[in-house]
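Undergrad: Have a look at this fold, sequence not included:
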């Protein structure tokens, strides 16, 4: 029960901090996303890479810095920067004999599954819709834990995430749908015809995002990606659902 309240308190604090960061929607917000992307890149590369870890992290940070600067300068489309850096990563992996194939794959994974989704946030300027993305991801995670702790008896997918239960998943789904519905109606958001598809499936996508990154943790035999948030782990432990929910919400809701 102590762990439950610690996790719940951390979730509330994280949500409040996100709201404060998002409130600016300019320099503070973008820099906050830049820091999150950088820390998340470190957590994933630290887990996946087996050689040249520091060098790989430096390359990932360089890419993240270029994308961050380009947010202000608009010198090139972000896609060009990702393509150019991917080519550079490939050349380095061939030239540097200590740069293993596994490290190269981990760097490419970080590029397109971590830094690329975060780059979407850099140019996101609609505060209400941005909060909705985090609201779906965080409420899905929090209420899965709440319902799982209070009523959980049947394991969801034990081989991937031993603590997740069917009761927690169902309870989380219902509450997240309700929160999403009332939030979008209260703020009268400009929604497209796919709104109801998004309303029904967004909580499912959030849970799958959590399960996908949980599977990676099980494969590499770690409990959490990091230790920044008490009871929650690192940045990737908080953003695993967000990174999958973001593009889905943009398609179905707006």
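TA: Thanks, I have it. Computed from a predicted structure; not experimentally measured. Numbering: from 1, shown residues only.
Undergrad: Give the burial count for residue 123, as a bare number.
TA: Neighbourhood size, residue 123 [other Cβ atoms under 10 Å]: 12. Where C-beta positions appear, they are placed from N, C-alpha and C, glycine not excepted.
Undergrad: That one and residue 235, how far apart?
TA: 20 Å (Cβ to Cβ, to the nearest Å).
Undergrad: Give me the mean pLDDT for stretch 147-154.
TA: For stretch 147-154, the mean per-residue pLDDT is 85.
Undergrad: Pull out the buried residues from that stretch.
TA: Residues 147-149, 152 are the ones in stretch 147-154 that count as buried (16 or more other Cβ atoms under 10 Å).
Undergrad: which residues touch residue 179?
TA: Counting by Cβ atoms under 8 Å, 6 or more residues apart in numbering, residue 179 makes contact with 135-136, 139.
Undergrad: What about those residues, which one has the most neighbours?
TA: residue 136 (28 neighbours).
Undergrad: Which strands and helices lie in contact with whichever strand or helix holds it?
TA: Element membership for residue 136, per DSSP states H and E: helix 127-151. Helix 127-151 sits against helix 2-24, helix 166-186, helix 195-219, helix 235-253, with contacts defined as 3 or more Cβ pairs under 8 Å, 6 or more residues apart in numbering; DSSP states H and E.
Undergrad: Pull the distance from it to the chain's centre.
TA: Averaged C-alpha coordinates place helix 127-151 at 13 Å from its chain's average position (Cα atoms, centre = their mean, to the nearest Å).
Undergrad: what's the angle from that helix to helix 195-219?
TA: With axes from the mean of the first three to the mean of the last three Cα atoms, to 10 degrees defining the directions, helix 127-151 sits at 60 degrees from helix 195-219.
Undergrad: Put together JSON lines for the helices and strands packed on helix 127-151, with distance to residue 112 and mean pLDDT on each row.
TA: Listed next are the helices and strands packed on helix 127-151 as JSON lines, based on distance: least, Cβ to Cβ, whole Å; pLDDT from 0 to 100:
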{"stretch": "helix 2-24", "distance to residue 112": "24", "mean pLDDT": "64"}
{"stretch": "helix 166-186", "distance to residue 112": "27", "mean pLDDT": "91"}
{"stretch": "helix 195-219", "distance to residue 112": "14", "mean pLDDT": "88"}
{"stretch": "helix 235-253", "distance to residue 112": "11", "mean pLDDT": "83"}
